[in-house]
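Undergrad: sequence first, predicted model second:
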Amino acid sequence: MARQSITLANQNDEWLKQQVTNEEFTSKSEAVNYLIKQAREREEYHNYVQMKIDRGLKSGFSTKTKEELLAEIKSRLNV
């Protein structure tokens, strides 16, 4: 595991200390790693959603009615 030295704003350091005191984490390092992991997962999800939005925008607009679209979706699901 890589070892890092970072400088934290006082309020962030206090928050991390409180998390350890409250036994949410066993150390400040564990808390920081958890927060970084959450940020990475959020970024991956954001990229996935953006890809879906881009794909939808590129597909163009439909001239079908909402009833036609619903029927098409149901037929795909074999409902």
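TA: Nice, thanks for sending it over.
Undergrad: centre-most residue in the chain?
TA: residue 42 (2.1 Å; CA atoms, centre = their mean).
Undergrad: show me the strands in this structure, by range?
TA: Using DSSP state E, no strands are found in the chain.
Undergrad: so where's it uncertain?
TA: 79 (pLDDT under 70).
Undergrad: next one: stretch 31-47 to chain centre, how far?
TA: Computed by CA atoms, centre = their mean, to the nearest Å, the chain-centroid distance of stretch 31-47 equals 7 Å.
Undergrad: give me the contacts around it.
TA: Residues outside stretch 31-47 that contact it (CB atoms under 8 Å, 6 or more residues apart in numbering) are 6, 16, 19, 20, 24, 25. From N, CA and C alone the C-beta is placed, and that goes for glycine too.
Undergrad: if we go to 10 Å?
TA: 1, 4, 6, 8, 12, 15-20, 24-25, 27 (CB atoms under 10 Å, 6 or more residues apart in numbering).
Undergrad: contacting residues for residue 51?
TA: So residue 51 contacts nothing (CB under 10 Å, 6+ apart).
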